[in-house]
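Enquirer: I would like to see how this sequence folds:
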Amino acid sequence: MKIFFIILFSALFVTNCSKLKDDDYNDPVGGEPLTQMQEGYESIISSNTPLHGVKEASAKIVSVKGDLANVSAKAVITNPVLKSIARQYSDFWPVQLDRDTVKVDFSGRVTTKGIQYEVNGKVCTLVRYKDDVGTEYTSEIDGDKYKIVYKSTTDDYQYTFWMLKIYKVEQKINLNGSQVKVYYYTNHKYGLVGFEIHYEDGTVDSAIIL
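Expert: The predicted structure follows:
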């Protein structure tokens, strides 16, 4: 799942780079769907400062079938780096670009046991809560890797009025010779609760997801 999906959708330690016959991390993650995974739910991004070149972001669950929620999302993106990322991944993910408007429809599992995204039967696992720091998942959709780099042992992540235990997952996106790092913050009760985008020039965008 790419950062523009996070923006639109907003709305985890032994290294595990290979699949094990009895524990394939791209099998359905299992668990109970979280309460927000219901038809009609809309996600909201909250940030103290505007995200660079992103506005009118919205995402809505249009239907739910079994453990998969089907999401329709869009945003107006003028940030050239994020637009380049959207173009780069449009070969793998169902992204539509019309000038500055980016749209996408995709499916996802957000449960008490983890978060996965699915496109045409291929799976991208963002996190499984049974895994430890150092675990790395390879997306079936585009080959990108997601690595658990931090796991809370106390309630240390500020989420609105609460403090939560979180998993922090890192994704590195190579873009025309430069690299963007994305950090996802997830929780077993609330799903994806926040993100950070670290640009190569040192600029950082961050937000929580409600």
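Enquirer: report the buried residues of stretch 50-59.
Expert: For stretch 50-59, the neighbour count (16 or more other Cβ atoms under 10 Å) marks 51-54, 57-59 as buried. Glycine gets a C-beta too; all of them are placed from N, C-alpha and C.
Enquirer: now the biggest helix by length in the chain: buried residues?
Expert: The helix that spans the most residues within the chain, counting by DSSP state H, is helix 80-89. For helix 80-89, burial by neighbour count (16+ other Cβ under 10 Å) applies to 81-83, 85-86, 88-89.
Enquirer: for stretch 57-66, what is the average pLDDT?
Expert: The predicted model assigns stretch 57-66 a mean pLDDT of 87.
Enquirer: CA atoms only: put whichever strand or helix holds residue 184 into PDB for me.
Expert: Per DSSP states H and E: residue 184 is located in strand 178-187. Extracted C-alpha coordinates of strand 178-187, given in PDB (Å, rounded to 0.1, in the frame of the first residue of the first chain):
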ATOM      1  CA  SER A 178      15.800   9.600  -4.700                       C
ATOM      2  CA  GLN A 179      14.200   7.900  -1.800                       C
ATOM      3  CA  VAL A 180      11.000   8.700   0.200                       C
ATOM      4  CA  LYS A 181      10.500   6.900   3.500                       C
ATOM      5  CA  VAL A 182       7.000   6.300   4.900                       C
ATOM      6  CA  TYR A 183       6.300   5.300   8.400                       C
ATOM      7  CA  TYR A 184       2.900   3.800   9.300                       C
ATOM      8  CA  TYR A 185       1.500   3.700  12.800                       C
ATOM      9  CA  THR A 186      -1.000   1.000  13.500                       C
ATOM     10  CA  ASN A 187      -3.000  -0.400  16.500                       C
END
